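Peer 1: Kindly generate the corresponding structure for this input.
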Amino acid sequence: MLPASDKHGRCELCDREPIRITRHHLVPVSQGGRGGPLADLCAACHRQIHVLFTTAELLELRSVARLRDHPAVQKYLAWVRRQPPETGVRVRRGRRRRE
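Peer 2: As a prediction, this is how the structure comes out:
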C-alpha cells in the first residue's frame, strides 16, 4: 500500500470529500500494475480493500466500479459514507486467507 499523500480531494470509492487521498494500483504492482491505472482512494477505503481481498481477487476486480459492486464493499460503503471525512476511521481486519 502506498503512503498517504498531501493531496486532498474526493475518494473515488466512498465519495467523501474533502479527504486526504492515497493512490491505489487497480492492477496490483506484483502482477505488473506499476505504471497502470490508479484510483484516488481515502486511506480508510484503501486499507479496507486490501483487508477484504487477496492480490488474486484484486486482479479480477481491477476497476473502481467492480470494487463498488462487490457485496462486502457495499456493506462497508454503507457504513463509511456516514462517517465525517475529518474523523479517522479504523478498519477492521478480516479473516481472509493470505497468499
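
Peer 1: Please identify the buried residues of stretch 16-27?
Peer 2: R16, I19, R20, I21, T22, H24, H25, L26, V27 (16 or more other C-beta atoms under 10 Å). In this view, the C-beta of every residue, glycine as well, is placed from N, C-alpha and C.

Peer 1: Pretty sure the second one sits against L13.
Peer 2: Looking back up the chat, that one is I19. No - using C-beta atoms under 8 Å, I19 is not in contact with L13; the gap is 10.9 Å.

Peer 1: List the residues that are in contact with both of these two.
Peer 2: C42 (C-beta atoms under 8 Å, 6 or more residues apart in numbering).

Peer 1: hmm, back to that, tell me the one of the buried residues of stretch 16-27 nearest L52?
Peer 2: H24 (12.8 Å; C-beta to C-beta).

Peer 1: Just the residues contacting stretch 72-83, thanks.
Peer 2: L13, C14, D15, R16, A44, C45, Q48, I49, L52, L67, R68, V89.

Peer 1: ok, and the most crowded of the residues you listed?
Peer 2: Ranked by the number of neighbours (other C-beta atoms under 10 Å), those place C45 first, at 29 neighbours.

Peer 1: which SS state does that residue fall under?
Peer 2: helix (DSSP: H, G, I helix; E, B strand; the rest coil).

Peer 1: go on, Y76?
Peer 2: Y76 ends up helix, using three-state DSSP.

Peer 1: For it, give its distance to D40.
Peer 2: Separation of Y76 from D40 (C-beta to C-beta, to the nearest Å): 17 Å.
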